[in-house]
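*Asks:* Let me see the structure of the following:
(2 chains)
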Amino acid sequence: MNTPIRRLSVLIAALFGALLVASTIIQFAQAQSLNVMAANKRTLLDNYSRERGSILVGGQAIAKSVPVDDQFAWLRTYPEGRLYSQITGFYGYSVGNPFGLENAADDLLSGKADQLFVRRVTDLLTGRDTVGATIELTLNAKAQKVASEGLGKNRGAVVALDPRTGAILAMVSHPQYDPNPLSSHDLAKSEAAWKKLSNDKAKPFINRAITGDLYPPGSVFKVVTAAAALEQGLVADENSEVPGPAELDLPLTETNLPNEDRRACGPGNKTTLIHALEISCNTAFGSLGLELGGEQLRAQAAKFGFGDSIQIPMRVAPSTMPAEINAPQAAQSAIGQYEVRTTPLQMAMIAGAIANQGRVMTPYLIQSIRTADLDVIESAPDPEELSQAVSARTADILKKMMVSVVDNGSGRRAQIPGVAVGGKTGTAQHDLKKNPHAWFISFAPADDPQVAVAVVVEESGVTGNEVGGARVAAPIAKDVMEAVINR
Amino acid sequence: MRTTVEPLTPRTRRGVELVLLVVAIAIVLLAWVTVDLNRNGTVPANIIPVAGGFVVLAMIVHLVLRWKAPYADPVLLPITTALNGLGLVMIHRLDLAAGRLGADGSANQQIIWTTIAVALTVAVIWALPDHRLLRRYTYVSLAVGFILLLLPLLPGIGREVNGSRIWIAVGPFSFQPGEFAKIALAIFFAGYLVQTRDVLSLAGKRILGFTFPRGRDLGPILVAWVLALLILVFEKDLGSALLFFGVFVAMLYVATERVSWIAIGLLLFGVAVAFALSAFAHFQKRVDLWLEPFSQENLERSNQLANGLWGMASGGLTGTGLGAGRPWLTSFAESDFIFSSLAEELGLFGSVAILMLYLVFVQRGIRTALGVRDGFGKLLAIGLTFSVAFQLFIVIGGVTRVIPLTGLTTPFLSLGGSSLLANWIIMSLLLRISDQARRPVPALPVGVDADPVAAEATQVVQL
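*Replies:* Have a look, this model is predicted:
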């Protein structure tokens, strides 16, 4: 009977072989893909039990994990509450971390990023618990605060950046929300908070500064039209004469493009480019748009960053301008209407480029990546040029024109004593039954630009009154610029 | 100068057993201390009495073997000790996670069962000086095995747990009689086959190079098949059915050396499984879960298998460390899925080590079967060994997705008295047979024939 016993032992060996192979597949070959499955509760709990990195602004934590005595071990808290809500997002057990840096910088905060590999290995060897990386932001706490206070109860957004580097100094989106209850370990509480947030019609979880439905830029887009006209040689400089009738006859249509005050922009239906910008003359820029055509406008907008996919590291929605537009649509687009849609960040980049000799710098939010004990792992990235939007000469002319807007024109409310400020107001129609959005973009100081700002305040403009919009938006920009310059 | 020719006396190897036992106990105690250090940051308070008790239990068996079965295989007891101990550590670890402390803990229960199991082992080795005595109870074993198997079907005491009716409950005690039926039936098969093997292996006609048995000799395999079918249909337990039938076919093959029996066995079982799959939603569900454990629909139905796989994956190569993983997230983490629980915390290295312990255990069983001189002993040894190996394959194959999941216990590791007692009895029977196999001169008790294989040939007629 020994022969069949030996044969049977071969079968047994094969059975064991199958178990060994299966274990190896599960625990080695497929372990990674099993671990990352969304329904895998172990991975979720693993993330919770590890100390997540902090997010710092000016050395103060705006998001940090504090030890607690429950199954999750660490509670995510946001000491500033609402002020940074769209920057940080939240970190909830049932909903996860769908927004803000908690989402976009998850690899760093959880300690799983490639940059942290060496750190993880030393942690493993020394038996130390792996801790996520701490992220230091470029934000200026004071500028952030005044921007939020300026918006007050209004919906809208404010973005400020350093035109020389692209570092984002302030980014506020209203309405805000409190991320703390959403991150609560009391699951009933966090689910109630999520239900309230996700059902809010104002969508506070959206960062209006970089995403959402995007805004029509209105008259602030006139600087892009002026830039295209200067670059294409349609006008020589700021003093060149441009048409400025009370109404501009649009070809192919029955309608005309009027000025808001229904008056001509200058004697003999003519004006200068600089004056046209000062008073935000629709017909002047509409006729420049007709001359340039849709493609030229589109190309200039693209040079300023329209259509680019940028990550700061949150994804920025690309600003859009429709392709293949006819003449009247080009005239409408030239004054920032028709289907031009943009983000406040994009408009701040345009103001920044004009202040920075025509160079658009790639915007970024993360200043440095540090270990939990604040040793630098990765310091600030070298400023990176996104594009040269206009020549230095064109930028200089545009700068002069925008300074004049603040000194003599519609942007007086942004004046800062002793500082040369450049700016442009805007009133953007989005729905004929509602008040238009009020815009303001600016930079300061004009001779040594340190800050470029874009402000949009939803539905607080006055139809047909450029200054009405400026009354709300320009002072906010002024406060933010002051906060940065006087730091 | 005079030379003396000394008789060759094989060594008992009891010293080796002692050393291996010390290693096994050290591993288990280290594992236990690791769990408590990881969970509470302290060495367990009751380490002295519990460790002492563990050492005493192992030493009792060791000393009884020295005295009553000095030539028994030296590796079986240390492996059993290590596996039983690791199972206890994991059960204790899950107790801590669930907040079951002290006397309420499952580990406490399992320690009591371990003690009873050791007592039973001592009793078997003491009361059974020669395994061939069991041949006298061939048909008694059949009756006992049959009754045990069908006991869960009795109304009143039978209990259905998770869709399978394989439990009985008497008062506060619940019991899986199938675990003991396994032993009884192995004894019956061995006794029966050793009598009838000549008829079963020689008679028949050759078709396509295989010798197929005569129709009338198909009786026994058909009876076993019907029994397996009964389990399948009424107890809805594919695992047990597969185990009994598999062990029977394997022993039939060893007794007759005829491959055709395996072919017939596979065919019959295939028919049974096909029938079960088409007739019972319960089995279709299992197969569906096996094929697609991670689909949304199946996760909602049962995330048990998926959770076990995730647990193993989270262990990776080196494991989370004992006490540092989350094995409790998987249901039945301390019984059906105890292998996943250990794999999670000990990693692939740990799961391979555990499989190797079983492999060595099984290999010692096969050596015993090869070495023992009588046919009954050979069949019994290979039957018991194969039952352990096959059961292990069915349960661990189930949690590692080699085959569909069926509810069986993991020998020595799983929480549960019936399984633990039955497997310790299997080990003591293997110890007893190996003692006979390695003993220098067959010291036969009175009343047992020197060459039973030769003697049995004539008994075919007597039946």
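
*Asks:* what about the chain, any weak spots by pLDDT?
*Replies:* I went with chain A, as the question did not name one. For chain A, applying pLDDT under 70 flags the ranges A:127-128, A:462-469, A:487.

*Asks:* Can you look at chain B instead?
*Replies:* For chain B (pLDDT under 70), the answer is B:1-9, B:162-163, B:171-172, B:208-212, B:215-216, B:232, B:441-463.

*Asks:* In it, which strand is the longest?
*Replies:* strand B:164-170 (DSSP state E).

*Asks:* which residues touch that one?
*Replies:* Applying CB atoms under 8 Å, 6 or more residues apart in numbering or on different chains, the contact partners of strand B:164-170 are B:151-154, B:157-161, B:174-178, B:234-237, B:240, B:407. Where you see a C-beta, it was placed from the backbone N, CA and C, and this is true even at glycine.

*Asks:* same check, this time on stretch A:316-324
*Replies:* A:210-212, A:214, A:294, A:297-298, A:301-302, A:305-310, A:329, A:333, A:338-343, A:345-346, A:363.

*Asks:* Taking those, please make a PyMOL selection of just the buried ones.
*Replies:* With 16 or more other CB atoms under 10 Å in any protein chain shown as the criterion, this PyMOL line picks the buried residues out of these:
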select buried, chain A and resi 210+211+214+294+297+298+301+302+305+306+308+310+329+333+338+340+341+342+343+345+346+363
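
*Asks:* Restricted to strands, list the contacts of stretch A:316-324.
*Replies:* Per DSSP E, the subset of the contacts of stretch A:316-324 in strands is residue A:310.

*Asks:* filter the contacts of stretch A:316-324 down to the ones close to chain B.
*Replies:* For chain B, no contacts are drawn from the contacts of stretch A:316-324 by CB under 8 Å from any CB of the partner chain.

*Asks:* for the stretch 201-350 of chain B, what spans make up the helices?
*Replies:* Secondary structure of the stretch 201-350 of chain B (DSSP state H, counting those that start in this stretch): helices at B:219-230, B:238-256, B:259-279, B:281-291, B:296-301, B:304-315, B:338-371.

*Asks:* Buried deepest among these, which one?
*Replies:* Scoring the helices of the stretch 201-350 of chain B by mean neighbour count under mean count of other CB atoms under 10 Å in any protein chain shown gives helix B:304-315 as the most buried, with a mean of 27.

*Asks:* what does chain A put close to chain B?
*Replies:* A:1-6, A:8-9, A:12-13, A:15-16, A:18-20, A:22-24, A:26-28, A:30-31, A:34-35, A:37, A:39-43, A:45-46.

*Asks:* Which of those residues are buried? Put it as a PyMOL command.
*Replies:* This is how PyMOL selects the buried members of the residues of chain A next to chain B, with burial counted by 16+ other CB under 10 Å:
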select buried, chain A and resi 1+4+5+8+9+12+15+16+18+19+20+22+23+24+26+27+31+34+37+40+42+43+45+46
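
*Asks:* Residue A:369: which of the helices of the stretch 201-350 of chain B is closest?
*Replies:* Checking those against residue A:369 by CB to CB gives helix B:304-315 as the closest, at 26.8 Å.

*Asks:* does chain A sit close to that closest one?
*Replies:* Yes. Using CB under 8 Å from any CB, helix B:304-315 reaches chain A at B:306-307, B:309-315.

*Asks:* And the residue of the stretch 1-150 of chain B that's closest to chain A?
*Replies:* Going by CB to the nearest CB, chain A is nearest to residue B:97 of the stretch 1-150 of chain B, at 10.2 Å.

*Asks:* quick one: that residue and residue B:51, what's the gap?
*Replies:* 22 Å (CB to CB, to the nearest Å).

*Asks:* one step back: from the contacts of strand B:164-170, which ones fall inside strands?
*Replies:* Going by DSSP E, the strands hold B:158-161, B:174-175 from the contacts of strand B:164-170.

*Asks:* what's the most distant pair in these?
*Replies:* B:160 and B:175 (14.1 Å).

*Asks:* For the two, indicate the residue with more neighbours.
*Replies:* Between residue B:160 and residue B:175, residue B:175 has the larger neighbour count (other CB atoms under 10 Å in any protein chain shown), namely 21 against 12.

*Asks:* just to revisit the earlier point, now, which of the residues of helix B:304-315 next to chain A sits nearest residue B:62?
*Replies:* Among these, and counting by CB to CB, the member closest to residue B:62 is residue B:315, at 33.2 Å.

*Asks:* so that closest one makes contact with residue B:324?
*Replies:* No. Using CB atoms under 8 Å, residue B:315 makes no contact with residue B:324, being 10.2 Å away.

*Asks:* Quick check: neighbours shared by those two?
*Replies:* Common neighbours of residue B:315 and residue B:324 (CB under 8 Å, 6+ apart) are residue B:345.
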